[in-house]
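Participant: Build me a model from this:
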Amino acid sequence: MDYVLFGYNSLKGCPLTLGYDPGFTFPIFSAEVTRDNGGPRGVLLSHDVSCDTSFTSTVVKTPYELTTLLTGTAQVGADRWGRPFSASQHFQKFSEELKQNVLVLSTAVCSIYHVKLLLWQPPSFHSSFVEWIIKLNNTDDEDMYLKFLDTYGTHFVSRARFGASITVVHKMEDKVYRNLTEGHVRSAASFVAAALFGQPQTLTSDQQKATNEFQNEVETTTIAGGVPLPYAGNSLTWLTAAKDQPSAIHYDLTSVEVLFSDTLMGNSSLIGSYGIDHIRIRNNIVAVKTKYCWTVKRQDLTGECEGSSGKTLLSTKLMGKSEDRAAESADQCVEGCYQLPGCVAVSFCPECRQTNLSNNCHVFSTGDIQRAVSDPRWHTTMLVDKLETFVKLQNTTVVVNSSSQSNISTVTSTEDCLQSCIEDATCLAFTLTNTSGSLITCTRHTDSLQSLTQGAMGCEMWAFPPNVSKGHHLFCTDAIEIFLQYTVRPQF
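Facilitator: Numbers count the residues shown, from 1 in each chain. This next block holds a predicted model:
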């Protein structure tokens, strides 16, 4: 039960890890027990006994889908710390594999008890955490706050479920998966996972054939949380084994600045005698959120600090069928899209709220984007890690920096220009210009792309999803073609 008293770093954590989740940091609360020895003060423990050994399977095709799956275990809100798990080496490894593969995850879970923090009657703070509170109370130095966040994390555990879990990860090449149906893959994965633990199911000859073919096409690894399911064991034997060594299998996470409240640190709180200016500390933490994300990003973070892997284009407004909503900031607009199934792009107008236009955030699904126009009031973000199919923009071209470095060559086809850009690690974009005969001028750009704008009639721009090939590609037929490298260049 110790983990319910700990802090958690949502950037560095990853629930899909062999052993403990590296997101857990240090104790924030003390394990001081109540007088009746009923458990730590301010912690409510209740039995939650259930097991599911059916090995339900989920297909993961993109980093976004992986993030969505993992937040089912480590639940974080839209609190602007950056994209969850993106600084975890385990998450980065899985994301790398998703460029040319899909992952099929089959999971069995056994729950024993549920724990909840009573923040209106809170547990005592750990003595080391109190020392940090006093340090923060005596300074506004950003570096001190960044060090605090690196020590205790971005969140604390407000609720958790303990027990055991098993996840069987099947890796299948994307070209193989495209020849199968998702239902076929999920069923075969569940059969294979159950058989690994001595729980074979009665299959028809067709099911057995499909399962054998599936096994031949995948690499399989097993990740256990807590006590592994005994071979040929049932729910009861697993439950009995897990009781002695329960592990956190699900946890709700609350942003760390919530701790700095009148209830927990005011004059009538357990640390009221210290005179903590909790409002100032809370505001300071909120102020350094983005800076902390970028500090981690400089070390090992892949992805963006506004919550998604997005490509931002200034002075650009997408046109087409959109869902229009109000947003306080560009980050809020992007975060809303990131959490909305099917949404792959947003256009945001920072000035529109000042002119009483409430629908300043336009969110787009893949098939609803028609074209782009130049508008200095708007900017657009493409959430490339959510792309699963092609995005086509009519009559759209691209604006690049005037000082952009270029490499010019002559090719005979679009494919030749695209391939040359893929092979050039510095290539961000390329343009195609028809010359005499069958020759085409291919211009590769190695500097930033600024915006999209209205192009000539018949000009098209395409966005390719990350699992189509090694990178993201945007190109405009007969006018300009853009290549966006997925991992090397996370932003324009």
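Participant: could you pull out the helices for the stretch 201-350 of the chain?
Facilitator: Taking DSSP state H, counting those that start in this stretch as the criterion, the stretch 201-350 of the chain contains helices spanning 205-216, 235-244, 262-265, 278-287, 289-299, 330-339.
Participant: Provide the backbone phi and psi angles at Val176.
Facilitator: With angles defined as degrees, to the nearest 10, Val176 shows backbone torsions of phi -80, psi -40.
Participant: Then Ile271?
Facilitator: Dihedral angles phi and psi of Ile271 (degrees, to the nearest 10) take the values phi -110, psi 20.
Participant: Packing partners of the longest helix along the chain?
Facilitator: With secondary structure taken from DSSP state H, the chain has its longest helix at helix 182-196. In terms of contact count using 3 or more CB pairs under 8 Å, 6 or more residues apart in numbering; DSSP states H and E, helix 182-196 is assigned the packing partners strand 43-60, strand 101-117, strand 155-173, helix 205-216, strand 218-225. Where C-beta positions appear, they are placed from N, C-alpha and C, glycine not excepted.
Participant: I would like the residues contacting the helix or strand following the second one, please.
Facilitator: Once the chain leaves strand 101-117, the next helix or strand it forms, by DSSP states H and E, is helix 127-137. For helix 127-137, contacts defined as CB atoms under 8 Å, 6 or more residues apart in numbering pick out 26-30, 125, 144-145, 148, 151-152, 265, 271, 274-277, 281, 284.
Participant: Mind doing that once more with 6 Å?
Facilitator: Contacts of helix 127-137 from elsewhere in the structure, counted by CB atoms under 6 Å, 6 or more residues apart in numbering, are Ile28, Phe148, Ile276, Asp277, Ile281.
Participant: what does stretch 65-85 give?
Facilitator: If you take CB under 6 Å, 6+ apart as the criterion, stretch 65-85 is touched by 10-11, 13-15, 60, 91, 94, 154, 250-253, 255, 289, 293, 303, 305, 307-308, 331, 335.
Participant: Repeat that for stretch 99-113.
Facilitator: 45, 47-48, 50-53, 55, 57-61, 161-174, 177, 185, 189-190, 193, 238-239, 242-243, 246.
Participant: How far does it sit from its chain's centre?
Facilitator: Average the C-alpha atoms of stretch 99-113, do the same for its chain, and the two points are 16 Å apart (CA atoms, centre = their mean, to the nearest Å).
Participant: Could you spell out which stretches of this structure belong to which domain?
Facilitator: The record's domain split for the chain, according to automatic domain parsing, is 2-283, 310-484.
Participant: Any idea which of these gets closest to Gln299?
Facilitator: Closest approach to Gln299 among these (CB to CB): domain 2-283, 7.4 Å.
Participant: end-to-end on that closest one?
Facilitator: With CA to CA, to the nearest Å applied, domain 2-283 spans 29 Å between its terminal residues.
Participant: Ok, stretch 270-290 next?
Facilitator: Counting by CA to CA, you get 31 Å between the two ends of stretch 270-290.
Participant: Could you pull out the buried residues of that stretch?
Facilitator: For stretch 270-290, the buried set under the neighbour-count rule, 16 or more other CB atoms under 10 Å, comprises Leu270, Ile271, Ile276, His278, Ile281, Arg282, Asn284, Ile285, Val288, Lys289.
Participant: again with stretch 63-79
Facilitator: Applying a neighbour-count criterion of 16+ other CB under 10 Å, one finds 63-71, 73-76, 79 buried in stretch 63-79.
Participant: Report the two of the residues you listed separated the most.
Facilitator: Glu65 and Asp79 (21.2 Å).
Participant: contact partners of the longest helix of the chain?
Facilitator: Residues beyond helix 182-196 that count as contacts (CB under 6 Å, 6+ apart) turn out to be Phe55, Ser57, Val59, Val104, Ser106, Val168, His170, Ala210, Thr211, Phe214, Gln215.
Participant: related to what we said a few turns ago, nearest to Val363 among the helices and strands packed on helix 182-196 would be which one?
Facilitator: Taking CB to CB as the measure, those were each checked against Val363, and strand 43-60 came out nearest at 22.8 Å.
Participant: Neighbouring strands of that closest one in the sheet, and parallel or not?
Facilitator: Using DSSP bridges, strand 43-60 pairs in its sheet with strand 101-117 (antiparallel).
Participant: Measure how the partner strand sits relative to strand 218-225, angle-wise.
Facilitator: For strand 101-117 against strand 218-225, the angle by axes from the mean of the first three to the mean of the last three CA atoms, to 10 degrees is 10 degrees.
Participant: quick one: average pLDDT of strand 101-117?
Facilitator: pLDDT averaged over strand 101-117 equals 94, rounded to a whole number.
Participant: May I have it as CSV, with CA atoms only?
Facilitator: Extracted C-alpha coordinates of strand 101-117, given in CSV (Å, rounded to 0.1, in the frame of the first residue of the first chain):
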residue,chain,number,x,y,z
ASN,A,101,4.7,-2.6,-36.3
VAL,A,102,1.4,-2.8,-34.3
LEU,A,103,1.3,-4.0,-30.7
VAL,A,104,-1.5,-6.3,-29.5
LEU,A,105,-1.8,-6.2,-25.7
SER,A,106,-3.6,-9.0,-23.9
THR,A,107,-4.3,-8.4,-20.2
ALA,A,108,-5.5,-10.3,-17.2
VAL,A,109,-6.1,-8.5,-13.8
CYS,A,110,-6.8,-9.6,-10.3
SER,A,111,-7.9,-7.0,-7.8
ILE,A,112,-7.7,-7.3,-4.0
TYR,A,113,-8.4,-3.9,-2.4
HIS,A,114,-9.0,-0.2,-3.1
VAL,A,115,-7.3,2.7,-1.4
LYS,A,116,-8.3,6.3,-1.3
LEU,A,117,-6.7,9.4,0.2
